[in-house]
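>>> Here is a sequence with its predicted model. Questions after.
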Amino acid sequence: MRSIPIVGFIILVSILTTIGNGSTETIVVDDDGGSWADYSDVQDAINNSGANDTVLIYEGEYFGGITLNESVSLIGNGTNKTTINADGDRYTVRIETSWCNLSKVKITGADYNMGSFGVLIVDDLDNITIDECIIIDNDKDGLYIKNGDNFTIRDSSIIDHMFTAMELRVCKNSRVINCTISDHRTAIELPGGSNLLVKDCYLESIGRGTIVSNVYNATFEDVTTYPNSSVKSLNIGITHSEFIKLVNCRGDGSYSIWGNEFDHYSNIEVENCTSQGNPFNFIAHDRDVILEAPRGQVAIFNSTNVSVLNATINNYSYALRIHYSDNVTIEASNLDDNDIYSLYIDESQHIRCLNISTSNNPSSTSNACGIKAENSDFIRIVNCSVRDNDFCGIRLTNCDHTEINRSIIKDNGDIGVQIRGSYYPWSCRDNNVVNSTIQGHDTGVIITASYGSFIISNNISSSDINGIDLSSTRYLRFIDNMITNCSGYGIDMWESENDVISRNHIYNCGLGINIRGGNFTLISNNSIFGSDSYGMALFGGVYDRPAREYLIKYNEFMDNRNHSIYINNARECVIHHNNFGKAQSAMDNGNTWSLTNSTWDDGEEGNYWADYNGTDGNEDGIGDTAHPIEGDANSTDRYPLMDPATTSAPEKVPGISPIGPMIALVALTILLRRRSGRK
């Protein structure tokens, strides 16, 4: 037997319905039956309702998903009394028509192979209100709307779904007001749409707060976000959106704003927003700004002449981002202990990073770097400490005219420094790494599709794989570096051309210099000692194309376990004035294309071989008999030296510019072509 309050409940709702809609019918549902009830099943009541009717659901738990296919108001007796339980169906409430209201019910129990929803609203509907509801534990998502117009979600709680609490996809003229969301990977997702409002919402125990992409005109006001396990999560993330306003937002996560070359982050306003109690420093379309000692995130967009000094920015997804800006200085700052990256630079130029620390970003994603720059020019990274980032220390993509100088780059997971461009034409030019320590990575330095870069006077050591990878580089100068204790290759070259590898010390590596394809490169005055395999090896590159016309001279080879020079597939290389310090120091197997093999002298003098047993009758310093080279090519050094070759004069490196060495390489190319009989 039901208690007296049912009468008041029915009378109150009937009066409100009559006032609001004129001539309508009120239908009562009670799972226990009773003389006051029209139905005991909610779906039966909906199926027998008409437009603008009200379906009242008395207290109880009603099992099985329901479908709203009439423009009705579905009103419960309060979320602690009226429950709709999908009992394993794909959705708890499915709305298929416009002008519906859903109020004062608990919605739960949808569970269907990771494709379930608490409330699913089909495409292209309008004027729907969800008010004073609890949407809880429906497996995948709480609420999903697509292409909706004039929706209101108000005074409701959405709790404990595996993925997203609510997704309003390409909706317009809609609002989310005074809602509480907890225990989700993402709280609110707004992909597309316009004229949206999120206000007075509290988001807790979530992975990401509010995600906004390709939205026009939206306001987020008094939104509070507390992540579930890491303060490095997102408060609000905005991508490719315009006329966005953040007002009085707060939380422990980060703010992330992205754009593209078209919108340039236009018309985004940030007013009095904080994270971890620190202001979110948003600088947009401004100039001549000095930001002294900030402790909260810094985002610089479309601005000129900005200085960030003495910053301490820690425990965010990123510390500082620079987009479409010019002449920015970051100096004497601590940007450690952020999740994805400490400093991100995009489409900007003349950026100076001086005496900053960007360390301990633990995310395992491909973005986890101390410093990451894309499509930017004239970046200087000087006296910086970049340590213990999970993926990469410094990563420069499609950048020109950058300099890394006097910096310490250590223990950054996969890569110490990565400089990469696009192929044909090379979109990464004149990037220099100088006087820096690069230690404790899988690979110390990776340079791909780069033109005219200088890698000079660095200490590269303790790499689990390679010291340096060079792939499709052109006119690169790798000079005066120390490469030690690399388990794989000291230098690995793939299809590189017109490079100079000179005056480097390569000790205790798996293989000193590994060459695969490429051509017209000078390798001179290097010391290659103690390799576990070959000192230097030349193999074919793409399509098994032989390594071609390398000039290898004045190098010292000592204590390499196998051959100091091993040619598996090379043509027309010239090898002279090298010192081979042990027996069986070279093997030449020619090339797979049956072309001209390599020459082991310069036409007058050859190499010094510690195991040469010939005589020098005329005492001219050259052996009277040729020195045979092991291998299928049947090569010989026609003019073996009786004494070790004296190191040649250092090649001049005229400053940080490729012009001088480029001229030298052109001369080298002409010499090699003439020696092979071509014009």
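Ah, there it is. Numbers count the residues shown, from 1 in each chain.
>>> so where's the stretch 351-500 of the chain uncertain?
Counting by pLDDT under 70, the stretch 351-500 of the chain contains low-confidence ranges at 364-367, 423-425.
>>> Where does the nearest residue to Ile290 once chain neighbours are set aside sit, in terms of helix or strand?
Nearest non-adjacent residue to Ile290, counting by C-beta to C-beta, 6 or more residues apart in numbering: Ser307, 4.8 Å away. For glycine as for every other residue, the C-beta is placed from the backbone atoms N, C-alpha and C. Under the assignment given by DSSP states H and E, the secondary-structure element containing Ser307 is strand 304-309.
>>> Now that strand: buried residues?
Within strand 304-309, the residues scored as buried using 16 or more other C-beta atoms under 10 Å are 306, 308.
>>> Could you number the chain from 21 rather than 1 from now on?
Sounds good: first residue 21 from here, last item strand 324-329.
>>> Quick check: the gap between the residue nearest to Ile310 and Tyr336.
20 Å (C-beta to C-beta, to the nearest Å).
>>> now Gly98
Counting by C-beta to C-beta, the gap from Gly98 to Tyr336 is 41 Å.
>>> what do you get for Phe549?
Between Phe549 and Tyr336 the distance is 46 Å, computed by C-beta to C-beta.
>>> what about these two, which has more around it?
Applying other C-beta atoms under 10 Å to Phe549 and Tyr336 shows that Tyr336 carries more neighbours, namely 30 against 19.
>>> Could you give the bridge partners of the nearest residue to that one once chain neighbours are set aside?
Among residues not flanking Tyr336 along the chain, Ser274 sits closest, at 4.3 Å (C-beta to C-beta, 6+ apart). Applying DSSP bridges to Ser274 gives these bridge partners: Leu254.
>>> Residues contacting the strand or helix carrying Glu241, please?
Mapping Glu241 onto the secondary structure by DSSP H and E places it in strand 236-247. Here strand 236-247 makes contact (C-beta atoms under 8 Å, 6 or more residues apart in numbering) with 207, 210, 213-227, 229-230, 232, 253-256, 261-273.
>>> Give me the pLDDT for the residue nearest to Tyr78 when sequence neighbours are not counted.
Residue nearest to Tyr78 in three dimensions, not counting chain neighbours: Asp50, with 4.2 Å by C-beta to C-beta, 6+ apart. Asp50 carries a pLDDT score of 94 in this model.
>>> how much space between Asp50 and Asp58?
Between Asp50 and Asp58 the computed distance is 9 Å (C-beta to C-beta).
>>> Between these two, which has more neighbouring residues?
Between Asp50 and Asp58, counted using other C-beta under 10 Å, the more crowded position is Asp50 (21 against 16).
>>> Touching, the more buried one and Gly80? I think so.
Yes - under the criterion of C-beta atoms under 8 Å, Asp50 is in contact with Gly80, at a separation of 6.9 Å.
>>> which ones are touching Asn425?
Going by C-beta under 8 Å, 6+ apart, Asn425 touches 400-403, 452-456.
>>> check which helix or strand covers His645.
Rather than His, residue 645 is Thr. Using DSSP H and E, Thr645 maps to neither a helix nor a strand.
>>> Hmm, it is touching Trp629, no?
No - using C-beta under 8 Å, Thr645 is not in contact with Trp629, being 11.8 Å away.
>>> The two: who's more crowded?
In terms of neighbours (other C-beta under 10 Å), Trp629 is the more surrounded of Thr645 and Trp629; the figures are 26 against 13.
>>> May I see the buried residues of the longest strand seen in the chain?
Counting by DSSP state E, the longest strand found in the chain is strand 213-233. Residues 213-219, 221-224, 226-232 are the ones in strand 213-233 that count as buried (16+ other C-beta under 10 Å).
>>> what sits against the nearest residue to Gly84 once chain neighbours are set aside?
With sequence-adjacent residues excluded and distances taken as C-beta to C-beta, 6+ apart, Gly84 is closest to Asp107, at 5.8 Å. Each residue near Asp107 by C-beta under 8 Å, 6+ apart is listed here: 83-85, 129.
>>> Which pLDDT does the model give Asp107?
Per-residue confidence (pLDDT) for Asp107: 92.
>>> The one 4 residues further on now?
Looking at Tyr111, its pLDDT reads 93.
>>> Ok, Gly601 next?
As predicted, Gly601 sits at a pLDDT of 88.
>>> Thought Asp579 was touching it, still the case?
Yes - taking contacts as C-beta under 8 Å, Gly601 lies within contact range of Asp579: 7.0 Å.
>>> Would you mark the buried spots in stretch 329-338?
Judged by neighbour count using 16+ other C-beta under 10 Å, the buried positions of stretch 329-338 are 331, 333-338.
>>> just how off-centre is the longest strand of the chain within its chain?
Relative to the centre of its chain, strand 213-233 is centred 24 Å away, using C-alpha atoms, centre = their mean, to the nearest Å.
>>> Now do it and strand 236-247, the angle between them.
Going by axes from the mean of the first three to the mean of the last three C-alpha atoms, to 10 degrees, strand 213-233 is angled at 40 degrees with respect to strand 236-247.
>>> I'd like to know the average pLDDT value across strand 213-233.
Confidence for strand 213-233, expressed as mean pLDDT, is 94.
>>> Paired strands for it, with orientation please.
For strand 213-233, the pairing partners within the sheet under DSSP bridges are strand 191-197 (parallel), strand 200-211 (parallel), strand 236-247 (parallel), strand 254-259 (parallel).
>>> Can you say which of these is nearest to Glu291?
Closest approach to Glu291 among these (C-beta to C-beta): strand 236-247, 9.2 Å.
>>> Let me see the mean pLDDT of that closest one.
Mean pLDDT, strand 236-247: 94.
>>> mind listing what's buried in that strand?
Within strand 236-247, the residues that count as buried by 16+ other C-beta under 10 Å are 237-241, 243-247.
>>> now the helices: where do they sit in this structure?
Counting by DSSP state H, the segments of the chain that form helices are 25-41, 62-67, 679-695.
>>> same for the second one, what does it pack against?
Other elements packing on helix 62-67 under the criterion 3 or more C-beta pairs under 8 Å, 6 or more residues apart in numbering; DSSP states H and E are strand 46-49, strand 74-77, strand 86-88.
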